[in-house]
Structures are given as C-alpha cells and as structure tokens.
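Colleague: Sequence and predicted structure below; questions after.
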Amino acid sequence: MCTYLTEKIKIDGSGKGARGWFGLSEASVYVDHPVHAQFGHTVNIDFRNPGEGASARVAVELTEEAALALAEAIHSALAAAPPGLASATQRR
Amino acid sequence: MSDAMRAETITITGHGGERIEAYFAGPLAEQPHGGVVMIHHMPGFDEFSQEVVRKFAHHGYAAIAPNLHYREAPGASPDDAAAASRAAGGVPDDRLVGDVEAAANYLRGLPNANGKVGVIGHCSGGRQSFLAACSLPLDAAVDCYGAFVVKEPPATLPSSMKPILGLADQLSCPLLGLFGADDQYPAPDETAVLAAELDRLGKAYDFHTYEGAGHAFFNYDRPSYRPEAAVDGWRRIFEFYGRYLSA
C-alpha cells in the first residue's frame, strides 16, 4: 500500500549522511514500502534538511517491532537522565 | 532487423512548461514503432523503473519514464527525491497528467513513431495510469495494482488522493488490469467495482487477478515478487500492447 500519510515534525540536531554530518531541521515518519529492507511494509523515518537539498537525508526502514522498541528506548534513556539535560534550551 | 537501441536520460518540457528529467529507451530501426509512457512507482525514478523502460525498447517500443519527483529534488538520488516528494505532499494529479502528456508527445514526435502511445504504471503509478488514460487521448493503458481508484483512502491522507472512479466514462482507450488476489490496496472487491463500472459504461478492459500474489508482484528485488504472476503479467502486457499499439 502506498499510504502517502506522512507525519512530519520540526526537529533540532544533527545527522550523518552520505556526505558527512549536517544539521537536521525536520523528520518524516510513515508506514509504506521500504526501498531496501526485505519486507512489504516498514516504518520509515527520514531525518532531513531540505535547505541543504534532497540528499541531506538520513533514512531508516524499521519493522513495527523495531520502531516501537526504538521509541521505548528513547523514552527510557531520557527518563534515566536529568530532565532538560538534552533539551534545546539546555545551558551550554 | 537491428535490435540496437538508444537509452539515456533526457530533458522534456513537462506540466506548466517546466523542464523535467526523463529516461528514454527506444529502437534505432527506422520502421514505425509504438510508444509507451512508464509511470514510475512511489519509490521513484529508480533502477527498476529504468529497466522496465529498456525492456519495452527491447520488445520494439519507444518508451519513456518522466521523473515525477524531479521538481522537488533535481539531481538527487531516486530514494532521496522520493522522500522529498513525499514530504512535500506527493505528486499532484494535474501535474502528473501534464507530465504524461508531455512524455506522450515526445514519443509521438520521434521520427520512427507510429503515432500510437500506451501508458503503464505500478502501485501509485497504477492509479496514475488510469488517471492519465481518463484525462488524455491514449491508445492502451495498463494498471498494475493501483489503489484508491475506487475506494476512499483513509481520511488522514492528503486531499489530492481522491478516488477517480467518476472519471471512468472518459477512459480513452482499452485498459489492462493486473492485480494480486492477496492485495488489500487494491483488494479484489475494489477491482470488481471498477470492472462493473467499465461494463456499465461499455468500456473495453481486461482484468486478471493472480492467486498467491499480493501487491508489487512484478518487483523482482522485493519479497513480494511472484515469478509466475510476473511472467504471465508480462506476456499479457506485450500481447495487449501488440494489439493496440501496432501501426
């Protein structure tokens, strides 16, 4: 199924793509056909910076289980750190 | 007869007078040939799509695939361009029709064209193939498992993705539909509704639904590949184009 449904969020951080590190400005999350993973459908996440062109992208294609485990791991890691430690408003 | 072909990336003037990239392959022989516009699937203007273009050339057709994601990502790799197009909301229907029209006109203008042009698309391109055949004067259309022709997509999808069954009375040419019995998008009941509507309108069509196959059964590098369905599907495609695209 070509779902077309795309969750798009603004993000702040960096990613490493084919040409090295670059700043990230948005992420797309969608369930659709993967390009590489050998499944019919996967949870696909694109970390992007459209301002630097379409190639400024870090992509992952995960199974449903992997994507949910990742989300849980993110919550666990943040819960184990002092609140605000990795916030955009943190003290530098 | 020579089997030499020309195959290369070219630039055509697409919808809105914008220059876009396209992949062309066609026989060099001077005798008249039919043409095929290949609408690439959502993953983009990728190697699979370009191989399909060359396959048509190998079988004696001039074929062209416009890069539907070119405007969002000129020069980017197909998967990056597809991601950029998706983030921008996908390919608008009117732009698709304009780009297919431009590609068809390019084929009709070739010195060895016979004037006949067909269209083919897989997955999202299947819906777009039907859309193009209902919007443009064409000679044969192939819809490989195109979804959302009949059924409303989930409400969360962009408003541009509307069912297009209402366009069926404008279908300008015979339609070959190749579907998988295990596919949910489109499910067999959906393609049955399309068949019933084409019957009602007296339109020429030929639908085949393969048992044991789901979506994307032509994609030989994906786990969805079903060789028996794909081989029979290709036979039917060439038989269909042979009937309607010969001089």
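Modeller: Cool, the structure landed.

Colleague: In chain B, what residue spans correspond to strands?
Modeller: Assigned by DSSP state E, the strands in chain B fall at B:5-13, B:19-27, B:33-39, B:62-66, B:113-122, B:140-144, B:175-180, B:205-210.

Colleague: can these go into JSON lines with extra columns for mean pLDDT and distance to B:Ile237?
Modeller: In this view, the C-beta of every residue, glycine as well, is placed from N, C-alpha and C. Below are the strands of chain B laid out as JSON lines (pLDDT from 0 to 100; distance: least, C-beta to C-beta, whole Å):
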{"stretch": "strand B:5-13", "mean pLDDT": "98", "distance to B:Ile237": "18"}
{"stretch": "strand B:19-27", "mean pLDDT": "97", "distance to B:Ile237": "16"}
{"stretch": "strand B:33-39", "mean pLDDT": "98", "distance to B:Ile237": "9"}
{"stretch": "strand B:62-66", "mean pLDDT": "98", "distance to B:Ile237": "12"}
{"stretch": "strand B:113-122", "mean pLDDT": "97", "distance to B:Ile237": "7"}
{"stretch": "strand B:140-144", "mean pLDDT": "98", "distance to B:Ile237": "6"}
{"stretch": "strand B:175-180", "mean pLDDT": "98", "distance to B:Ile237": "7"}
{"stretch": "strand B:205-210", "mean pLDDT": "98", "distance to B:Ile237": "11"}
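
Colleague: Need the residues that contact stretch B:125-136.
Modeller: B:37-42, B:91, B:93, B:96-97, B:100-101, B:104, B:119-121, B:138, B:141-149, B:164, B:167-168, B:170-173, B:175 (C-beta atoms under 8 Å, 6 or more residues apart in numbering or on different chains).

Colleague: I'd like to know which of those are buried.
Modeller: Among these, those that count as buried by neighbour count (16 or more other C-beta atoms under 10 Å in any protein chain shown) are B:37-42, B:91, B:93, B:96-97, B:100-101, B:104, B:119-121, B:138, B:141-149, B:164, B:168, B:171-173, B:175.

Colleague: List, out of these, those positioned next to chain A.
Modeller: The subset of those within reach of chain A, by C-beta under 8 Å from any C-beta of the partner chain, is B:41-42, B:147.

Colleague: Which one of these is nearest to chain A?
Modeller: Chain A lies nearest to B:Met42 out of these, by C-beta to the nearest C-beta, at 4.6 Å.

Colleague: looking at it, the closest one is touching A:Asp32, isn't it?
Modeller: Yes: using C-beta atoms under 8 Å, B:Met42 is in contact with A:Asp32, at 7.1 Å.

Colleague: Determine the three-state secondary structure at the residue of chain A found nearest chain B.
Modeller: Residue nearest to chain B within chain A: A:Ala54 (3.3 Å; C-beta to the nearest C-beta). The three-state label given to A:Ala54 by DSSP: H, G, I helix; E, B strand; the rest coil is coil.

Colleague: That one: how many residues sit nearby?
Modeller: 24 (other C-beta atoms under 10 Å in any protein chain shown).

Colleague: which residue sits closest to it, ignoring its sequence neighbours?
Modeller: Closest residue to A:Ala54 apart from its sequence neighbours, by C-beta to C-beta, 6 or more residues apart in numbering or on different chains: B:Ala73 at 3.3 Å.

Colleague: thinking again about what came up before, so which of the strands of chain B is nearest A:Ser14?
Modeller: Nearest to A:Ser14, of all those, is strand B:19-27, at 30.6 Å by C-beta to C-beta.

Colleague: who does the closest one touch, helix- and strand-wise?
Modeller: strand B:5-13, strand B:33-39, helix B:47-58, strand B:62-66, helix B:93-108 (3 or more C-beta pairs under 8 Å, 6 or more residues apart in numbering or on different chains; DSSP states H and E).

Colleague: so how far is the third one off the chain centroid?
Modeller: A distance of 12 Å separates the C-alpha centroid of helix B:47-58 from that of its chain, computed with C-alpha atoms, centre = their mean, to the nearest Å.

Colleague: Going by neighbour count, list what's buried in it.
Modeller: Result for helix B:47-58 [16+ other C-beta under 10 Å]: buried residues B:48-50, B:52-57.
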